[in-house]
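1. Fold the following for me, if possible:
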Amino acid sequence: MLVPLSWLKEYVDIKLSPEKLGERLTEVGLGTEKIIKTNDDVIFEFEITPNRPDLLSILGIAREIAAIENTKIKIPKLFENLKPKEKLPIKIETNASINPRFTGIIIDGITVKESPDWLKEKLIKTGQRPINNIVDITNYVMFEFGNPIHAFDYKKIKGSVMRVHQAKGAEKFTSVDGVTYHLPKGAVIISDSEKIIDLCGIKGGENSGTFENTKTIFIRVPVEIPVLIRRTATSLSLRSEASSIFERGVNAGGTVDALKRCVELVLREAGGQIASELFDIKKEDFLPWKLNLELERLNKILGISIGEREVLNLLQRLNLAPLKKTKDIIEVTIPTYRNDLKIEEDIIEEVARLYGYNKFPKTIPQGQIPTAQIPYLKDYGVEKKAKSILIASGFSEIYTYSLVSEKDLLENGLNPSKSLRVDNPVSREFEYLRTSLIPSLKKALIQNKPYFEKINLFELGKVYLGSSIDNALEIYYLSGITNEKNFYEVKGIIEKLFDDCGINEDPTKYIQIFDEGIFFELNFSDILSKINLSKKYKPIPKYPPIIEDLTLEVSEKITVRDIIEEIKKQSPLIRQVSLLDVFENSRTFHIIYQHKHRNLTNQEVSKIREKILETLNKKFKAKLKE
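-> A predicted model of the protein is given here:
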């Protein structure tokens, strides 16, 4: 919103420099985006938060400045003698549920012409295009008071009827700027006896606008329902200054004052005379409301002590008419333009922001740092680690549906009766909640085969175990499938994951071979429960290792894991053992010998080797390949 400093000075004395004023307004919550200096003025560009529609007006911002400067605001001149010299007929039909307040009046004998320079200059500085004196006055008062106003050409209101109602949907409406819209259902509109003449709160109609030949006008200052205006504006992708105010909540108690101000300017700049009674149709009176502020609670919430006299002064500067009721209770009266003040905490925030957040002492948060994990904690670090290992190993992550068909379950040896079935499946393809990720991964492998020769896929997602809703469980599984990597490569990938997570388990039980390749499936929830990320760091050995490879002939029934464990048992000088190669019934193991405090000799390694071969021969009938 663009606000000229010269316009603000008409309502409040400003002693601060523009830069300092911008800083102070920002401190109290009115964000100053830019300060633009022109030849004869300074223009402030403000960002108004949705909870402060009162600040979408010059008077609203002037009130904030008056509170900062601790001075009084000057109210613009209002026209008070609203008695008509004649009464032109008009019938108004409205509904409080869609139009809570309808305030209006007829003025006859006006002259529509170009606006005076002072009016055009102010509108141009606020980013508006002057049109004619009547339209410009309604825009001027909207920016001044914050209440949108629309002037209708009275002679174009067929049947002298104005009926406020909601659109049925798809009606055509041509706005005052000549654009035609198809109205959404529920849009609030005004119709005369023949046609739609206004899209309430957003745009006036072309067929009732004020032009050069207009002699009589009906001025309307309404209160609109925010949700109805926003819904229509969003549906039509149509925004205006008026809709921005109505969407946030207009000053429901200010329609008569805005109308009086508009009448005063119209009679002064366009001539004419009042030609109807003042219409103010409403179901309830929109009056100020009262709230109580407890001083002890204010200081407790703010964490500082603000004296009673200071609190009363701040509330008075905010125009909240504070009244001391008891020793600790202050009653405040909320003006109708402050729709954002509904509860005691709102008043406490007002006191705090005007007092100045920069005056609050800087403190360190108190209390104990929590050490216990919350029950619903999910460690995304482990999930990221697992995905990183698989991606680095050449796998690609996929996401599949949680629902599968009965055929998918049966083809993978899964029992549909032990799976949760959806009562109303969209199709037979999505009938059961999956109990495994493998069926979906297999289908993904088959679907990708025509396009890729090497396929490595994995998924980390939920499976649903149990045969009924009473014993159902949601568990995270990590599964993968490949037609490229062999059994040992997949085993190595899982070993790497287990090693990084501090889990000592045999990965081979999680791997299965099928016609298309190798797949694995891990209970990831179980991994999270077993994880041990505590690490024991050891210094890098100072002395070099002795490395050798042993190729053994051994039965295929003997697992590599058992052989490696048996080798490690033979000496504390064996630092690492790993499988290097497999060919038919022979396996090559890579062995690293190392001493912490000295160099090893070939004789020492030779004795360890002899012990290894002797033990493996006795236990597994393994022998060194010649």
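2. so which strand or helix has Asn299?
-> Element membership for Asn299, per DSSP states H and E: helix 295-302.
3. Which other helices and strands does that helix contact?
-> With contacts defined as 3 or more CB pairs under 8 Å, 6 or more residues apart in numbering; DSSP states H and E, the packing partners of helix 295-302 are helix 308-317, helix 344-355. C-beta coordinates here come from the backbone N, C-alpha and C atoms, glycine included.
4. tell me the average confidence for the longest one?
-> Same thing as helix 344-355. For helix 344-355, mean pLDDT rounds to 96.
5. re the thing from before, please identify the most buried of the helices and strands packed on helix 295-302.
-> helix 344-355 (a mean of 18; mean count of other CB atoms under 10 Å).
6. what does that one rub up against?
-> Residues outside helix 344-355 that contact it (CB atoms under 8 Å, 6 or more residues apart in numbering) are 27-29, 67-68, 291-294, 297-298, 301-302, 306, 310-311, 314-315, 317-318, 320, 332, 340-341, 360.
7. Stretch 365-381 too?
-> With CB under 8 Å, 6+ apart as the criterion, stretch 365-381 contacts Leu528, Ile531.
8. Just the buried residues of it, please?
-> By neighbour count on 16 or more other CB atoms under 10 Å, the buried set for stretch 365-381 is empty.
9. picking up where we left off before, let me know the angle separating the helix holding Asn299 from helix 308-317.
-> For helix 295-302 against helix 308-317, the angle by axes from the mean of the first three to the mean of the last three CA atoms, to 10 degrees is 80 degrees.
10. quick one, helix 295-302 and helix 344-355 angle?
-> Using the same axes, to 10 degrees: helix 295-302 against helix 344-355 is 70 degrees.
11. Quick check: buried residues in helix 295-302?
-> Quick answer for helix 295-302 (16+ other CB under 10 Å): Leu295, Leu298, Leu302.
12. Please list all residues in contact with the closest residue to Leu295 other than its chain neighbours.
-> Among residues not flanking Leu295 along the chain, Asp328 sits closest, at 5.1 Å (CB to CB, 6 or more residues apart in numbering). Residues in contact with Asp328 (CB under 8 Å, 6+ apart) are Glu294, Leu295, Glu296.
13. Make CSV from the helices and strands packed on helix 295-302 and add distance to Lys442 to it.
-> Shown next, in CSV, are those (distance: least, CB to CB, whole Å):
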stretch, distance to Lys442
helix 308-317, 70
helix 344-355, 58
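14. Domains in the chain, by residue range?
-> For the chain, automatic domain parsing gives the domain ranges 2-69, 91-282, 289-358, 380-530, 546-624.
15. C-alpha coordinates for stretch 149-167, PDB please?
-> What follows is stretch 149-167, C-alpha atoms only, in PDB (Å, rounded to 0.1, in the frame of the first residue of the first chain):
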ATOM      1  CA  ILE A 149     -17.800   2.700  -1.400                       C
ATOM      2  CA  HIS A 150     -19.600   2.400  -4.700                       C
ATOM      3  CA  ALA A 151     -21.700   5.000  -6.500                       C
ATOM      4  CA  PHE A 152     -24.500   3.800  -8.800                       C
ATOM      5  CA  ASP A 153     -26.300   5.900 -11.500                       C
ATOM      6  CA  TYR A 154     -29.700   6.000  -9.900                       C
ATOM      7  CA  LYS A 155     -31.500   6.500 -13.300                       C
ATOM      8  CA  LYS A 156     -30.000   3.200 -14.500                       C
ATOM      9  CA  ILE A 157     -31.400   1.200 -11.600                       C
ATOM     10  CA  LYS A 158     -34.500  -0.300 -13.400                       C
ATOM     11  CA  GLY A 159     -37.700  -0.300 -11.300                       C
ATOM     12  CA  SER A 160     -35.800   1.600  -8.600                       C
ATOM     13  CA  VAL A 161     -35.100  -1.700  -7.000                       C
ATOM     14  CA  MET A 162     -31.800  -3.000  -5.500                       C
ATOM     15  CA  ARG A 163     -32.000  -6.600  -4.400                       C
ATOM     16  CA  VAL A 164     -28.900  -8.200  -2.700                       C
ATOM     17  CA  HIS A 165     -28.800 -12.000  -3.300                       C
ATOM     18  CA  GLN A 166     -26.400 -14.800  -4.400                       C
ATOM     19  CA  ALA A 167     -25.700 -15.900  -7.900                       C
END
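16. Could you check how far that stretch is from the centre of its chain?
-> 40 Å (CA atoms, centre = their mean, to the nearest Å).
17. Residue ranges in the stretch 351-500 of the chain under the pLDDT threshold?
-> Scanning the stretch 351-500 of the chain for pLDDT under 70 picks out 378-379.
18. all helices for it, in order.
-> 380-392, 406-411, 438-448, 487-500 (DSSP state H, counting those that start in this stretch).
19. Name the residues of the first one that come out as buried.
-> It stands for helix 380-392. Val382, Glu383, Lys385, Ala386, Ile389, Leu390.
20. got CSV for those residues, with distance to Tyr451 too?
-> Shown next, in CSV, are the buried residues of helix 380-392 (distance: CB to CB, whole Å):
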residue, distance to Tyr451
Val382, 32
Glu383, 28
Lys385, 30
Ala386, 27
Ile389, 26
Leu390, 21
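21. since we're on Lys362, how many residues are nearby?
-> 5 (other CB atoms under 10 Å).
22. So that it lines up with my notes, have the first residue be 38 from now on.
-> Okay, using 38 as the starting number, the last item reads as Lys399.
23. From Ile341, how far out is it?
-> 12 Å (CB to CB, to the nearest Å).
24. For the buried residues of helix 417-429, which two are the farthest from each other?
-> Val419 and Leu427 (12.9 Å; CB to CB).
25. Where does the prediction get shaky in this protein?
-> 415-416.
26. run the last query once more with 80
-> 402, 407, 410-416, 504, 552, 570-573, 575, 663 (pLDDT under 80).
27. Residue for residue, what is the longest helix it has?
-> helix 639-657 (DSSP state H).
28. helices or strands up against it?
-> strand 583-590, helix 597-605, strand 623-630, strand 660-661.
29. got the angle for it vs strand 623-630?
-> Using the same axes, to 10 degrees: helix 639-657 against strand 623-630 is 140 degrees.
30. Could you list which residues are in contact with the spatially closest residue to Asn485 that is not a sequence neighbour?
-> Counting by CB to CB, 6+ apart, Asn485 lies nearest to Ile492, which is 5.2 Å off, once chain neighbours are set aside. Neighbouring residues of Ile492 by CB under 8 Å, 6+ apart: Leu482, Asn485, Lys486, Ile518, Thr519, Asn520, Glu521, Gly554.
31. Can you pull out the residues in contact with stretch 592-604?
-> So stretch 592-604 is contacted by 543, 545, 589, 591, 611, 614-616, 622, 624, 626, 628, 649, 652-653, 656-659 (CB under 8 Å, 6+ apart).
32. redo that, cut-off 7 Å
-> 543, 591, 611, 614, 616, 622, 624, 626, 628, 649, 652-653, 656-658 (CB atoms under 7 Å, 6 or more residues apart in numbering).
33. Go ahead and build a PyMOL selection from the buried members of these.
-> Restricted to buried positions by 16+ other CB under 10 Å, the PyMOL selection for those reads:
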select buried, resi 591+611+614+616+624+626+628+649+653+657
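34. Which two of the contacts of stretch 592-604 have the greatest separation?
-> Every pair of these checked by CB to CB; the farthest is Ile611 and Asn622, at 24.0 Å.
35. if we can go back for a sec, the helices and strands packed on helix 332-339: which one's closest to Lys455?
-> Nearest of those (CB to CB): helix 381-392, 53.6 Å.
36. about what we covered before: neighbour-wise, which one of the contacts of Ile492 leads?
-> Neighbour max across these (other CB under 10 Å) = Ile518, 27 neighbours.
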